[in-house]
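Undergrad: the sequence and its predicted three-dimensional model are supplied below.
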Amino acid sequence: MTPSDVKATLSFSDGSPSMALPIYKGTVGPEVIDIRKLYAQTGKFTYDPGFLSTAACNSTITYIDGDKGELLYRGYPIEQLATNCDFLETCYLLLNGELPNPSQKIAFTKLVTNHTMVNEQMQFFLRGFRRDAHPMAIMTGLVGALSAFYHDSTDINNPQHREISAIRLIAKMPTLVSMAYKYTVGQPYIYPKNDLSYAGNFMRMMFATPCEEYVPNDVLVRAMDRIFILHADHEQNASTSTVRLCGSSGTNPFAAIAAGVACLWGPAHGGANEAALNMLGDVQKMGGVEKIGEFIKKVKDKEAGVKLMGFGHRVYKNYDPRAKLMRETCHEVLGALGLENDPLFKLAMALEKIALEDEYFVARKLYPNVDFYSGIVQRAIGIPVSLFTAVFALARTVGWIAQLNEMIGDPEYKIGRPRQLFNGATARDVKPLAARV
Ligand code: CMC
């Protein structure tokens, strides 16, 4: 970390000695004040629920400039990666820091495709779930269960174990997501076919049946691949921080990633794509474009927690660059399928236009995020709404692993252990049951 010439001074109005705090500069982005010695020197903690002002780690992987609406993976703008690279190149970049050259790309693709099958026993484990289980409930279980299947890659402190578990997770997630889907619709599982691309293979496992081959459509495969690229990493978001915190105890990589899957499920995070599409469906049922005003009024009145799902972001205070790319993909996919007049897409665009001009959203800098359009694309591809978040988890797995491995390799890493401001009862004596009122 590069120290700044400037130091921060923390002073107290009760005359306690002040404390000088070092400041570090990153290569870009806000500087950080190092408070690690604060408790030892002052006996005080900082208070920052939701980590509004706290950098919990130092990282070299992903950078977001929320005011500019900029997203960089290892320094490369997301727009260039989404246009010039495929998902496996992006995985290589996130894991290794550099884009692969042609021979590295061939070797990495071969390595990943060699691991696409899952242990045959996995299907019997899957059978224990109800057929109507939510795919994210299934995914949380299946990913956690991988640690019971691959005993040779569970030591997070062993670099070879970390490497092989990373490849296994990236390779097996499409197989597991499609198995979760096939299970819920009662169709036989389709085994991976390794001469297809990563996205093409996933779509075949989703949509082929033993009686009918799935012929991938290039525009749709490219759209799926772009969804994966756009969701691959997003610096210290809730699920990534969960993976880091979980992994900081030394648990195995599969267990840490399963914790990320569980966190991602929430509607304020990865579950927003499902929630956004359901919301569009609800507005459509209310009467569609005509009723947008009425719906926006409910949102602004904060009526029963009604939110404009797919809008707003903790970091982006400008248009999410991923949403722009997703809107572009939406046009391409709907065009390729002859669905240019898709009523939900029209509704989404009308809703976006009205919201972007409305004082409530302008004042709070609420813009569409990636989830506003990704659901429409996935639905057009044929992915069922309840599987959207599992597709997000599939794509985010590489980011979680890259961040986890970065943490384990950091000599300054410690088990995560936040402190608290305690406001409960102070010490008191337990009364015998008969004496309690
Ligand atoms: N609709 C209506 N009002 C909103 C919305 C929204 N989608 N998002 C934020 N606000 C309001 C919020 O009520 C608050 O208003 P006030 O100042 O009057 O109290 C203000 O904007 C600031 O919001 P916040 O909740 O303090 O912001 P946050 O940084 O804690 O939350 C968020 C960020 C993403 C959780 C939130 O914007 C949200 O719930 N959005 C909808 C869910 C969604 O689309 N999530 C996907 C995020 S992108 C994918 C990912 O990375 O996981």
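TA: Cool, got the structure. Residues are numbered from 1 along each chain as shown.
Undergrad: for the residue in the stretch 51-200 of the chain positioned nearest to the ligand, grab the count of nearby residues.
TA: Nearest residue of the stretch 51-200 of the chain to the ligand, counting by CB to the nearest ligand atom: residue 52, 8.1 Å away. Using the backbone N, CA and C atoms, a C-beta is placed for each residue, glycine as well. For residue 52, the count of nearby residues is 7 (other CB atoms under 10 Å).
Undergrad: just residue 51 next, same as before
TA: Look at residue 51: counted by other CB under 10 Å, it has 13 neighbours.
Undergrad: and what of residue 434?
TA: For residue 434, the neighbour count with other CB under 10 Å is 5.
Undergrad: could you tell me whether it really is in a helix?
TA: Yes: checked against DSSP: H, G, I helix; E, B strand; the rest coil, residue 434 lies within a helix.
Undergrad: how much space separates it from residue 292?
TA: Distance of residue 434 to residue 292, computed by CB to CB, to the nearest Å: 62 Å.
Undergrad: list the contacts of the closest residue to the ligand within the stretch 201-350 of the chain.
TA: Residue nearest to the ligand within the stretch 201-350 of the chain: residue 312 (2.4 Å; CB to the nearest ligand atom). Residues near residue 312 by CB atoms under 8 Å, 6 or more residues apart in numbering: 364, 366-367, 369.
Undergrad: mind doing that once more with 10 Å?
TA: By CB atoms under 10 Å, 6 or more residues apart in numbering, the contact set of residue 312 is 268, 272, 320, 361, 364-369.
Undergrad: if we check the ligand, which of these are in contact?
TA: 268, 272, 364, 366, 369 (CB under 6 Å from any ligand atom).
Undergrad: neighbour-wise, which of these leads?
TA: That'd be residue 272 among those, by other CB under 10 Å, with 27 neighbours.
Undergrad: for stretch 192-210, buried residues please.
TA: 192, 196-208 (16 or more other CB atoms under 10 Å).
Undergrad: show me the helices in the stretch 251-400 of the chain, by range?
TA: Taking DSSP state H, counting those that start in this stretch to define them, one finds helices in the stretch 251-400 of the chain at 253-264, 272-286, 292-300, 321-336, 343-357, 359-363, 371-381, 388-409.
Undergrad: list, one by one, the residues from this structure near the ligand.
TA: Contacts of the chain with the ligand, taken as CB under 6 Å from any ligand atom, map to 234, 237, 268-270, 272, 299, 307-314, 364, 366, 369-371.
Undergrad: let's see that with 8 Å instead.
TA: By CB under 8 Å from any ligand atom, the part of the chain that sits against the ligand consists of 50, 234, 237-239, 264, 267-270, 272-273, 275-276, 299-300, 302, 306-315, 320, 360-361, 364, 366, 369-372, 392.
Undergrad: of those, keep whichever come out buried.
TA: Neighbour counting by 16+ other CB under 10 Å classes 234, 237-239, 264, 267, 269-270, 272-273, 275-276, 299, 306-313, 315, 320, 361, 366, 369-372, 392 among those as buried.
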